[in-house]
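A.B. asks: attaching a predicted model along with its sequence, questions to come.
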Amino acid sequence: MDGTGRDDVAVVFGAGGGIGGALVAALAGDRRFAAVIGLGRGSAPRFDLLDEASIAEAVRAVAARGAIRLAIDATGFLHDEAQMPEKSLRELDAGRLARSFALNAIGPALLMKHLLPALPREGRAVFATLSARVGSIGDNRLGGWYGYRASKAALNQFVRTAAVELARRSPAAICVALHPGTVATGLSAPFAAAGLDVQAPEVAAARLLAVIDRLTPAESGGFFDHRGEAVPW
């Protein structure tokens, strides 16, 4: 990031999660930002993807602190005690699918609705949301995980479409989807023993921030992994 003023702000939505918390910690020592703000369901103001009013209020509160030069959506839902990723078509359930879409696609889309118009009109600003490689349609060779795959694919389309609109308002701004890789958090814990390259949250955060630093406006609307490589749609 190129800090452009003493009032530049960085914000992480979903700061209560493993990656979100690591991103806040990594950014806290970055002198390019006058303030680093972490928001979640337990923060003040409260940020809840299922409550649009809380999203709007959170964005207003952040914008009041200064120019938003970096905003990262570190939210994401794969499983909890009520549901696990589907292994086959017979496991599909309308309510569980709707929940996956609400948390992985609709909530982040509403965040973009309120946040992107609040980014500075001039100068570099970045909005990055955490997607997942399994949301790639072109890279899907294993099947399964229907709700998670489809909701992340929907998120990618929201990002791509919002980036087109953002470019008309703020030509130097960047809107992207990022795949963080497999990170040692509660989200990935049940699946981390499958021979995957599992990163500590601090490592994942550092890699993601390095990718963000290298992004250009020409790459807005893209989908990149934690190495900075483009992921197929």
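C.D. replies: That came through, no problem.

A.B. asks: quick one: name whatever helix or strand follows the helix-or-strand element of the chain with minimal mean pLDDT.
C.D. replies: Within the chain, judged by mean pLDDT, DSSP states H and E, the helix or strand with the poorest mean is strand 198-199; its value is a mean of 89. Next helix or strand after strand 198-199 toward the C-terminus (DSSP states H and E): helix 201-214.

A.B. asks: helices and strands around that next one, which ones?
C.D. replies: The contact analysis (3 or more CB pairs under 8 Å, 6 or more residues apart in numbering; DSSP states H and E) places helix 201-214 against helix 18-28, strand 67-73, strand 125-130, strand 173-179. Every residue, glycine included, has its C-beta placed from N, CA and C.

A.B. asks: pairing partners for the second one, with directions?
C.D. replies: Spelled out, that is strand 67-73. strand 8-13 (parallel), strand 125-130 (parallel) (DSSP bridges).

A.B. asks: how about a markdown table for those strands, with mean pLDDT and mean neighbour count added?
C.D. replies: Below are the strands paired with strand 67-73 laid out as a markdown table (pLDDT from 0 to 100; neighbours: other CB atoms under 10 Å):
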| stretch | mean pLDDT | mean neighbour count |
| --- | --- | --- |
| strand 8-13 | 98 | 26 |
| strand 125-130 | 98 | 25 |
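
A.B. asks: restricting to C-alpha, output stretch 199-218 in PDB.
C.D. replies: Provided in PDB are the C-alpha atoms of stretch 199-218 (Å, rounded to 0.1, in the frame of the first residue of the first chain):
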ATOM      1  CA  GLN A 199       0.000 -22.200   6.900                       C
ATOM      2  CA  ALA A 200       0.000 -20.500  10.300                       C
ATOM      3  CA  PRO A 201      -2.400 -17.500  10.300                       C
ATOM      4  CA  GLU A 202       0.600 -15.200  10.700                       C
ATOM      5  CA  VAL A 203       2.200 -16.600   7.600                       C
ATOM      6  CA  ALA A 204      -1.000 -16.400   5.600                       C
ATOM      7  CA  ALA A 205      -1.600 -12.800   6.600                       C
ATOM      8  CA  ALA A 206       1.900 -11.800   5.600                       C
ATOM      9  CA  ARG A 207       1.500 -13.500   2.200                       C
ATOM     10  CA  LEU A 208      -1.900 -11.900   1.600                       C
ATOM     11  CA  LEU A 209      -0.600  -8.400   2.500                       C
ATOM     12  CA  ALA A 210       2.400  -8.900   0.200                       C
ATOM     13  CA  VAL A 211       0.000  -9.800  -2.700                       C
ATOM     14  CA  ILE A 212      -2.100  -6.800  -1.900                       C
ATOM     15  CA  ASP A 213       0.900  -4.500  -2.000                       C
ATOM     16  CA  ARG A 214       1.800  -5.700  -5.500                       C
ATOM     17  CA  LEU A 215      -1.600  -5.300  -7.100                       C
ATOM     18  CA  THR A 216      -2.300  -2.700  -9.700                       C
ATOM     19  CA  PRO A 217      -5.600  -1.100 -10.900                       C
ATOM     20  CA  ALA A 218      -5.300  -3.200 -14.100                       C
END
